[in-house]
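**Student:** structure for this input, please:
(chains A and B)
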Amino acid sequence: MKYATSLLFLIAVCAGGTLAAAEPSGEKWKVSATMQMAGMSMPSATSEICTQPGGNAVPMKTEKGCELYDVSRVGSTQSFKMRCTGRTAMSGSGQLTYTGTDRYQGKMQVSAQGQTMSTVIEGQKLGVCDGGELNLKAKQVTAQATQPFAVANPNQAQMCRQSAAEATSPALFASMCKDPADIKTYCTAVQTPEKFQTLAATEQANVRSGVSAAIPGMRPLSESAKLCGFNIEQLRAQLCTTAESAGRLGFLTTQCPAQATALAKAQCAGRSYTSISSKYRDFCSAYLNGRR
Amino acid sequence: MITARTHPSRTARLVAGCVFLWALLARATLIPAGTTTAAPADPYPQTARSYVLIRDGVTLWERQGTQRLPPASLTKLLTALVLLDNDWQPERWLPVSPAAATTPPTRLGLRAGEQVRADDALAAMLIHSANDACRVLVETSGVTRAAFTERMNTRAEQLGMRDSHFVDPCGFDADGQYSTVRDLLKLAQQARGVAELARLTGSSGGALHTRAGRELTFQNTNQLLGRLDGTLGVKTGYTSSAGQCLIAYVRRGSHDVWLVMLGGSQRWWLAHGMINDAFAALPAV
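**Tutor:** Sure thing, here's the model as predicted:
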């Protein structure tokens, strides 16, 4: 829900941005956005926005570093493309179909960091609105959005604490969170076996699939190591020494090939699926799958 | 009218929204390949001649999904559907013929001349993949074997199994007996929708009592049951031509996985690992 809401907020912000050069009066639209990602549909989020009437402008605009281009309208269908550079590098395209003067349906697909998000957008005109007032608000929003994250508002501090504890996104965290306490929390979390394994798996997958290291977030373990000042191989070796005794066989399977091979010889080789100790069934299955 | 006092909180929410979107994009890096809308990957090329793995309705991994192959005893799911569709009388006593009693394994050990209840035979056929129980059910269905298989093919067509054809109701290899993992997925999902078949295929075992009082117990041939977290069924199959075949359905929390494989080897180890991998690949929320 918060993701769909986020996109809607972004759309709303950008619509407001578009209004900066508009006449004082505008059209009030109710916009519903439903985001789909990884096969899942998020609940719809709705908001009201104020747009400049007429013209060929797309009622959406992205933040700094993004642009809409190749905008065209044929009959009732408006198409556009979008691209962003920098830390939020992404590209996408959208198409809106106006089913009257007061209603449209559309779809936008955005690809970022190898993933595709699809958002279904529906708009309904509710009437007129005070474009001037919303322009002012949009300017304030834009100004605040460009301030350092840590001082923008109390919610940001809360999000930094959460992001530090989750330790899933070094690029986001490092760029937005500067509080030493948060950084300490992040660096402690990222050196736990669970977080290390998760980030290592992501990094390995990105390397295998040829995703550029130049894109922030694509080497989350390396980026974390740089942020926190630890050596990946030394930490991996240290975590491997205790993985088996601590029962972290998943970590052993993916991060400690030598220890995994030795354990597989001892516990998996020559044993049937049903006769093996349940303690080692997941490990042996994963090990065998990884060997094929 | 929005007052100036409301601006900071509204602004904060808007900024937070943008940041959350950014966070979403960052989290997206944690989603392994295969969860996108691109063509399904085949990360387990040596697992089976053909397989498909579906998580939450989305194909994660697939290999030769429409290749026609012998389905072995996975066929029995269709046999069960046809039996239930046609004047099914679960309490009816069915005679065991000499032919049924000498059917090749897997067998329950029924003897010619014994009588068994239809529901017990159905359970033995689905849980233990018992060919003697299957033969009894088909022989006593009221139609010839040819007519029975015609019903099977009609039912398969109704399910949209366009690359399937059946000539043996119990799944023995035969010319013209073929299906695909994609078609068998449709069949299994239909079967799971029938409460009795869902219950039976997820049972760890059962017992059959002949009319004379002899008790025969049997275990489920699906070794994932009780060994792989969340396994709820469905069916196994094996012949020398078909290799190891499996349809597995696993649910963990609000997520589920279907795995169908034909022509596999080391199916338990590999199915176990593949299904765990599928759940492990769920995006962090």
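
**Student:** which element is residue B:236 on?
**Tutor:** Assigned by DSSP states H and E, residue B:236 belongs to strand B:231-239.

**Student:** what residues are up against residue B:277?
**Tutor:** Listed by C-beta atoms under 8 Å, 6 or more residues apart in numbering or on different chains, the contact set of residue B:277 reads A:286, A:289. All C-beta spots, glycine's among them, are computed from the backbone N, C-alpha and C.

**Student:** just the pLDDT at it, thanks.
**Tutor:** On pLDDT, residue B:277 comes in at 93.

**Student:** got phi/psi on the residue in the stretch 51-200 of chain B positioned nearest to chain A?
**Tutor:** When scored by C-beta to the nearest C-beta, the stretch 51-200 of chain B has residue B:58 as its residue closest to chain A, at 3.7 Å. Main-chain dihedrals, residue B:58, degrees, to the nearest 10: phi -110, psi 130.

**Student:** the stretch 101-250 of chain B against chain A: which residues are in contact?
**Tutor:** B:223, B:227-228 (C-beta under 8 Å from any C-beta of the partner chain).

**Student:** quick one: whatever helix or strand comes next after the strand holding residue B:236 to strand B:231-239, angle?
**Tutor:** Note on strand B:231-239: by DSSP H and E, the next helix or strand toward the C-terminus is strand B:243-252. Computed by axes from the mean of the first three to the mean of the last three C-alpha atoms, to 10 degrees, the angle separating strand B:243-252 from strand B:231-239 equals 180 degrees.

**Student:** and the spatially most central residue of chain B, bridged to which residues?
**Tutor:** Nearest to the geometric centre of chain B sits residue B:247, at 3.4 Å (C-alpha atoms, centre = their mean). Note on residue B:247: beta-bridge partners by DSSP bridges are residue B:235, residue B:260.

**Student:** residue B:224 is in contact with that one, correct?
**Tutor:** No - counting by C-beta atoms under 8 Å, residue B:247 stays clear of residue B:224, with 10.6 Å between them.

**Student:** buried set for stretch A:265-280?
**Tutor:** A:267-268, A:273, A:276, A:280 (16 or more other C-beta atoms under 10 Å in any protein chain shown).

**Student:** quick one: end-to-end length of that stretch, please.
**Tutor:** End-to-end distance of stretch A:265-280: 12 Å, with C-alpha to C-alpha, to the nearest Å as the criterion.

**Student:** what of stretch B:224-233?
**Tutor:** End-to-end span of stretch B:224-233 (C-alpha to C-alpha): 8 Å.

**Student:** can you tell me the average pLDDT over it?
**Tutor:** 98.

**Student:** what does stretch B:194-203 give?
**Tutor:** 98.

**Student:** quick one: neighbours of residue A:100, just the number.
**Tutor:** Residue crowding around residue A:100 was assessed by other C-beta atoms under 10 Å in any protein chain shown; the count is 9.

**Student:** and if you look at residue B:70?
**Tutor:** Residue B:70 - counted by other C-beta under 10 Å - has 23 other residues nearby.

**Student:** that one and residue B:165, how far apart?
**Tutor:** Going from residue B:70 to residue B:165 by C-beta to C-beta, to the nearest Å gives 11 Å.

**Student:** then residue B:139?
**Tutor:** Applying C-beta to C-beta to residue B:139 and residue B:165 gives a distance of 21 Å.

**Student:** next one: residue B:127
**Tutor:** Relative to residue B:165, and taking C-beta to C-beta, residue B:127 is found at 26 Å.

**Student:** ok, those two, which is more surrounded?
**Tutor:** residue B:127 (24 against 17).

**Student:** residue A:207 is in what secondary structure piece?
**Tutor:** Secondary-structure assignment from DSSP H and E places residue A:207 in helix A:193-208.

**Student:** and that helix with chain B, contact?
**Tutor:** Yes - part of helix A:193-208 sits near chain B under the criterion C-beta under 8 Å from any C-beta, namely A:198, A:201-202, A:205-206.

**Student:** which element is the residue in the stretch 101-250 of chain B that chain A sits nearest to on?
**Tutor:** Nearest residue of the stretch 101-250 of chain B to chain A, counting by C-beta to the nearest C-beta: residue B:223, 5.5 Å away. For residue B:223, there is no host helix or strand (DSSP H and E).

**Student:** could I get the helix or strand harbouring residue B:149 in PDB with only the CA atoms?
**Tutor:** With elements taken from DSSP H and E, the one containing residue B:149 is helix B:145-158. This file holds the C-alpha atoms of helix B:145-158, laid out as PDB (Å, rounded to 0.1, in the frame of the first residue of the first chain):
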ATOM      1  CA  ARG B 145     -11.700 -49.200 -21.000                       C
ATOM      2  CA  ALA B 146     -11.900 -47.600 -24.400                       C
ATOM      3  CA  ALA B 147     -15.000 -45.600 -23.400                       C
ATOM      4  CA  PHE B 148     -13.300 -44.700 -20.100                       C
ATOM      5  CA  THR B 149     -10.300 -43.300 -21.800                       C
ATOM      6  CA  GLU B 150     -12.600 -41.400 -24.200                       C
ATOM      7  CA  ARG B 151     -14.100 -39.800 -21.200                       C
ATOM      8  CA  MET B 152     -10.700 -38.900 -19.900                       C
ATOM      9  CA  ASN B 153      -9.700 -37.300 -23.200                       C
ATOM     10  CA  THR B 154     -13.000 -35.400 -23.300                       C
ATOM     11  CA  ARG B 155     -12.400 -34.200 -19.800                       C
ATOM     12  CA  ALA B 156      -8.800 -33.200 -20.600                       C
ATOM     13  CA  GLU B 157     -10.100 -31.200 -23.600                       C
ATOM     14  CA  GLN B 158     -12.500 -29.400 -21.300                       C
END
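
**Student:** right, and the helix or strand after it?
**Tutor:** Moving toward the C-terminus from helix B:145-158, the next helix or strand (DSSP H and E) is helix B:181-192.

**Student:** what pairs with the strand or helix carrying residue A:120, parallel or antiparallel?
**Tutor:** Taking DSSP H and E as the definition, one finds residue A:120 inside strand A:115-130. With DSSP bridges as the test, strand A:115-130 is paired with strand A:25-37 (antiparallel), strand A:103-112 (antiparallel).

**Student:** point out where the chain drops to low pLDDT.
**Tutor:** In the absence of a named chain, chain A is used. Within chain A, the segments meeting pLDDT under 70 span A:1-26, A:28-29, A:31-67, A:69, A:84-89, A:111-117, A:130-154, A:291-292.

**Student:** wait, chain B
**Tutor:** Applying pLDDT under 70 to chain B flags residues B:1-39, B:283-285.

**Student:** helices along that one, start to end?
**Tutor:** Taking DSSP state H as the criterion, chain B contains helices spanning B:7-28, B:76-85, B:98-101, B:118-127, B:131-139, B:145-158, B:181-192, B:195-201, B:267-280.

**Student:** could you give the bridge partners of the residue of the stretch 51-200 of chain B closest to chain A?
**Tutor:** Where residue B:58 sits in a bridge, its partners, by DSSP bridges, are residue B:55.

**Student:** and it, how many neighbours?
**Tutor:** By other C-beta under 10 Å, 15 other residues sit near residue B:58.

**Student:** again with residue A:127
**Tutor:** Counted with other C-beta under 10 Å, residue A:127 comes out at 8.

**Student:** same check, this time on residue B:91
**Tutor:** Residue B:91, neighbours per other C-beta under 10 Å, totals 8.

**Student:** pretty sure it sits against residue B:119.
**Tutor:** Yes - using C-beta under 8 Å, residue B:91 is in contact with residue B:119, at 6.9 Å.

**Student:** is it true that residue B:181 touches residue B:65?
**Tutor:** Yes - assessed by C-beta under 8 Å, residue B:181 is found in contact with residue B:65 at 5.4 Å.
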